[in-house]
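>>> prediction below, plus the sequence it came from.
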Protein chains: 2
Amino acid sequence: MEIDVSRPVLESNFQIAGQIRQDLVSRGIFVINMMSSPGAGKTTLLERTVEALKGELSLAVIEGDIQTSRDAERIARHGVQAVQINTRGACHLDANMVREALASLDLDGLDLLIVENVGNLVCPAEFELGEQARVMLLSTPEGDDKPSKYPLMFRISNVLIVNKIDLLAHVPFSMEAFRRDAGLIQPDLIIFELSALTGQGLEPWLDWLRARVAERKAAG
Amino acid sequence: MEIDVSRPVLESNFQIAGQIRQDLVSRGIFVINMMSSPGAGKTTLLERTVEALKGELSLAVIEGDIQTSRDAERIARHGVQAVQINTRGACHLDANMVREALASLDLDGLDLLIVENVGNLVCPAEFELGEQARVMLLSTPEGDDKPSKYPLMFRISNVLIVNKIDLLAHVPFSMEAFRRDAGLIQPDLIIFELSALTGQGLEPWLDWLRARVAERKAAG
């Protein structure tokens, strides 16, 4: 029974996501969908990213959470637009939630929209939100065995950020094994190693965002 | 549409879980359902637990994963019964999966059965598996803000294990704030602080398991 009903739900989500993508591309806005386990450091990385780029780009953030608006408050403190979606128990954002959140954002002149999904390595992988790139975070304390255990998330991601590299000396994590296993699942993954907490390794990630935004503007 | 169909699915799961609980209680087996984010350390804690208790208790483990049988292999190396369930994409175990796994275990003389759920702080909280206690792990690198962000998991748990305390000096985590927020959601939570990696703080957790198994035997 579950399988029968999930198909129309997914198709409808796919259609709404397509409309969002088309609309935001035509406005020259680059959109990423950021996903990870709970506590991998998405919001901390977003705070760093917003703080570094807000002087040169116009940014907005949509925050997805089961409950609370803590994350949107953390982002709004940096002086950029931030909207919170509460999923009321659902383990992922869907395109319809993003469409509603977009209605409360000022999109004029926006360069970059970052959607932070619910902390979950499973459900969000199945729901497109209208993004132009999917970015997943994996923090080193989670362990290097995650690619084979959560393959769908790795397979659908364009960018993989290995966060909390400041803890590498204290946790059992082989970067070599992790990169090899992730590459077997998705050979085109762009991988950044950084620490959102200390700021180490942030520049290549920021440069990647700058380049994508510039491409979007050039194409528009 | 999703809401309409989830009700019968949940009710049916609840009934199967009730049958499993009744059956295992009558056999004098204590059963726990262990839940956490991906990479919080469930399997490492299980390895430690099995290694410490296998001389005095008869143990078995059911491992839940989206894919791979790595975790069951890790447990089986310690010489106890271990069965792997692959959920094929589902973000949680359900009671029916556990019923099938039980059919391939030798339950005669078993004292303790540990079911390791899929790594996820959301979905598993909604599905009883026939357990007599729900144990959640939260590792310190995940941050101290998780109780208010994933309240259902905290609310339905009987035991909270704060894992990776060996990293406390290296991560932003206030044990005081975390204990306060978790206690606001579930005042009866039994909390253990330990490091499955180093073994620090393991004894109170093992003693709790020993006491629950003894109670179960005494009642049977």
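Now that the structure is in, tell me what you want to look at.
>>> which bits of chain A sit near chain B?
Residues of chain A that fall close to chain B, judged by C-beta under 8 Å from any C-beta of the partner chain: A:1-2, A:5, A:8-9, A:37-40, A:65-68, A:70, A:89, A:91, A:118-123, A:139, A:141-143, A:145-146, A:148-152, A:164, A:166-167, A:170-172, A:197. Quick note: C-beta positions are derived from backbone N, CA and C, even for glycine.
>>> go again with 7 Å.
Proximity of chain A to chain B (C-beta under 7 Å from any C-beta of the partner chain) is limited to residues A:1-2, A:5, A:9, A:37-39, A:65-68, A:70, A:91, A:119-123, A:139, A:141-143, A:145-146, A:148-151, A:164, A:167, A:170.
>>> which of these are buried?
Among the residues of chain A next to chain B, those scoring as buried are A:37-39, A:65-66, A:68, A:91, A:119-123, A:139, A:141-143, A:145-146, A:148-151, A:164, A:167, A:170 (criterion: 16 or more other C-beta atoms under 10 Å in any protein chain shown).
>>> residues touching A:I85, list them.
A:62-64, A:93, A:97, A:101 (C-beta atoms under 7 Å, 6 or more residues apart in numbering or on different chains).
>>> for chain A, just list every one of the strands.
With DSSP state E as the criterion, chain A has strands at A:30-35, A:59-65, A:81-86, A:112-116, A:133-139, A:159-163, A:190-193.
>>> for the fifth one, list every residue counted as buried.
If I follow you right, that is strand A:133-139. Judged by neighbour count (16+ other C-beta under 10 Å), strand A:133-139 contains these buried residues: A:133-139.
>>> so what touches that strand?
Here strand A:133-139 makes contact (C-beta under 7 Å, 6+ apart) with A:32-36, A:40-42, A:45, A:146, A:153, A:156-164, A:212, B:141.
>>> the helices in chain A, which residues?
In chain A, the segments counted as helices under DSSP state H are A:2-26, A:42-53, A:70-76, A:95-102, A:146-149, A:151-156, A:175-185, A:202-219.
>>> packing partners of the last one?
The one in question is helix A:202-219. strand A:30-35, helix A:42-53, strand A:190-193 (3 or more C-beta pairs under 7 Å, 6 or more residues apart in numbering or on different chains; DSSP states H and E).
>>> these: which one's closest to A:L113?
Closest to A:L113 of the helices and strands packed on helix A:202-219, according to C-beta to C-beta: strand A:30-35, at 4.6 Å.
>>> that closest one pairs with which strands?
Sheet pairing for strand A:30-35, assigned by DSSP bridges, gives strand A:112-116 (parallel), strand A:133-139 (parallel).
>>> residue closest to the middle of chain A?
In chain A, the residue lying closest to the centroid (C-alpha atoms, centre = their mean) is A:M34, at 0.8 Å.
>>> so A:I16 makes contact with A:E100?
No: assessed by C-beta atoms under 7 Å, A:I16 is found out of contact with A:E100, at 10.5 Å.
>>> okay if I get the helices and strands packed on helix A:202-219 as TSV plus mean pLDDT?
Below are these laid out as TSV (pLDDT from 0 to 100):
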stretch	mean pLDDT
strand A:30-35	98
helix A:42-53	97
strand A:190-193	98
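>>> so which of the ones you listed is the most surrounded?
strand A:30-35 (a mean of 25; mean count of other C-beta atoms under 10 Å in any protein chain shown).
>>> how far away from the center of its chain is that strand?
Relative to the centre of its chain, strand A:30-35 is centred 4 Å away, using C-alpha atoms, centre = their mean, to the nearest Å.
>>> quick one: end-to-end distance for stretch A:26-40.
32 Å (C-alpha to C-alpha, to the nearest Å).
>>> hmm, I was thinking of stretch A:66-82
16 Å.
>>> next: stretch A:53-71.
For stretch A:53-71, the separation between the terminal residues is 18 Å (C-alpha to C-alpha).
>>> how far is that stretch from where the chain is centred?
Its chain's C-alpha centre and that of stretch A:53-71 lie 11 Å apart, by C-alpha atoms, centre = their mean.
>>> identify the residues contacting it?
Residues from elsewhere that reach stretch A:53-71, judged by C-beta under 7 Å, 6+ apart: A:43, A:46, A:50, A:72, A:75, A:78-87, A:89, A:93, A:98, A:101, A:105, A:109-118, A:206, A:209, A:213, B:122, B:145, B:148-151.
>>> just the buried subset of those residues, please.
A:43, A:46, A:50, A:72, A:75, A:78, A:80-87, A:93, A:98, A:101, A:110-118, A:206, A:209, A:213, B:122, B:145, B:148-151.
>>> wait, doesn't A:C123 sit right on A:L93?
No: in this structure, A:C123 is not within contact of A:L93 by C-beta under 7 Å, at 9.3 Å.
>>> I'd like the contacts of A:I85 laid out as CSV, including pLDDT.
Compiled in CSV, those are given as follows (pLDDT from 0 to 100):
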residue, pLDDT
A:I62, 97
A:E63, 96
A:G64, 95
A:L93, 96
A:M97, 95
A:A101, 96
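>>> can I get those in a markdown table including distance to A:E176?
Output for those, formatted as a markdown table (distance: C-beta to C-beta, whole Å):
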| residue | distance to A:E176 |
| --- | --- |
| A:I62 | 35 |
| A:E63 | 34 |
| A:G64 | 33 |
| A:L93 | 33 |
| A:M97 | 38 |
| A:A101 | 39 |
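>>> of those, which pair is most distant in space?
A:E63 and A:M97 (11.1 Å).
>>> out of the strands of chain A, the one nearest B:L202 is which?
B:L202 sits nearest to strand A:133-139 of all those, at 23.9 Å, using C-beta to C-beta.
>>> how about the CA coordinates for the closest one, as CSV?
Extracted as CSV, the C-alpha positions of strand A:133-139 are listed here (Å, rounded to 0.1, in the frame of the first residue of the first chain):
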residue,chain,number,x,y,z
ALA,A,133,23.1,21.4,-7.0
ARG,A,134,22.9,19.0,-4.1
VAL,A,135,25.5,19.4,-1.4
MET,A,136,25.9,16.8,1.3
LEU,A,137,27.9,17.2,4.5
LEU,A,138,29.6,14.3,6.3
SER,A,139,31.4,15.1,9.5
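>>> so it versus helix A:202-219, what angle?
In terms of direction (axes from the mean of the first three to the mean of the last three C-alpha atoms, to 10 degrees), strand A:133-139 departs from helix A:202-219 by 170 degrees.
>>> what angle sits between strand A:133-139 and helix A:42-53?
120 degrees.
>>> this completes my enquiry, with thanks.
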